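> I'd like to go over a predicted model; first the sequence, then the structure.
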Amino acid sequence: MDLNCVNACTHQAIRENGNSLVIQKELCRDCASHECIGSCYSRALELAGYTITLDDLITKIQRDRPFWGSEGGVTLTGGEPFAQHEFTYRFLEKCYNTHIHTAIETCGYIPWQNIEPLLDFLDWIFYDLKHADTKMHQHETGAGNELIFENALRISQRFSGRLIYRLPLIPAYNDDEATIAGIASFIRSTGRNEVNVLPMHHLGSEKHILSGKEDYRWKSRPIPDQKHLLRIKDWFEDLGVKCYTGSETPF
Ligand code: SF4
């Protein structure tokens, strides 16, 4: 096996694992030179993402503006855009001042002080809910839902734009009638009434493995079928929550 990248990495972050090579994330320093990439004969590695200044980003967006049509705009997604709240604030402020429609997708697990100042510059928020039971939430995500629910309540009171909840639908986790009723009840308690149900898919499984994480444990879960999605839509709508399924996302 060609061990060029193993030798090139001065942090010993790359090691052999049987017939393959593994980048040990805890040792990788994301060094500026990225010798591992440059030394790879077969070009198996490439850098994802890049750094951009605020002005360059705005220029790039303005260039595309004629193609949006009257209803278009910008959606910030992630990762988690609120995690880079300072840059996100300055970016949204610029969009606001140039009349660009803005939306954000968030998991809501962010300190309130990082969310609140940005609300004045947002038109739409897509806000993830995963489970109404905090123990179940903790079980699959590693954190309880308290902060997420608290932020959702605060946003719903403070934010005058459109707040659409998002439910990633996971079979045998949050797709039963009682769980949907719990989520619908929370949504109604915030005074809002829209949810976008996104059925689970496995498109990220390769990325999951390539990023060095443990075995992709969701692979045995079936993807929810259309019949079940329609049943879930009925459950939500019977409880007074307008439900969009999958690609019905109201963009
Ligand atoms: S980015 Fe730098 S530290 Fe990380 S694996 Fe590559 S060479 Fe090593």
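Okay, I see it.

> mind listing residues that contact stretch 193-201?
For stretch 193-201, the external contacting residues (C-beta atoms under 8 Å, 6 or more residues apart in numbering) are 126, 129, 162-171, 183-184, 187, 218, 221, 223-224, 229, 232-233, 236, 240-246, 248-250. To be clear about C-beta, it is placed using only N, CA and C from the backbone, and glycine gets the same treatment.

> so of those residues, which ones are in helices?
Of the positions in the contacts of stretch 193-201, Ile183, Ala184, Ile187, Leu229, Ile232, Lys233, Phe236 sit in helices, assigned by DSSP state H.

> of all residues in the stretch 51-200 of the chain, which one is closest to the ligand?
Thr51 (14.9 Å; C-beta to the nearest ligand atom).

> can you list the domains in this protein?
4-38, 54-248 (automatic domain parsing).

> surely the residue of the stretch 51-200 of the chain closest to the ligand is in a helix?
No: per DSSP: H, G, I helix; E, B strand; the rest coil, Thr51 lies outside any helix segment and is coil.

> the residue nearest to Pro171 when sequence neighbours are not counted and Gly108, how far apart?
Using C-beta to C-beta, 6 or more residues apart in numbering and skipping the chain neighbours, the partner closest in space to Pro171 is Arg221 (5.0 Å). Applying C-beta to C-beta, to the nearest Å, one obtains 23 Å for the distance of Arg221 from Gly108.

> who has more neighbours out of the two?
Set Arg221 next to Gly108 and count neighbours by other C-beta atoms under 10 Å: Gly108 wins out with 22 against 13.

> okay, and the more buried one sits in which element?
Here Gly108 sits in a region with no helix or strand, counting by DSSP states H and E.
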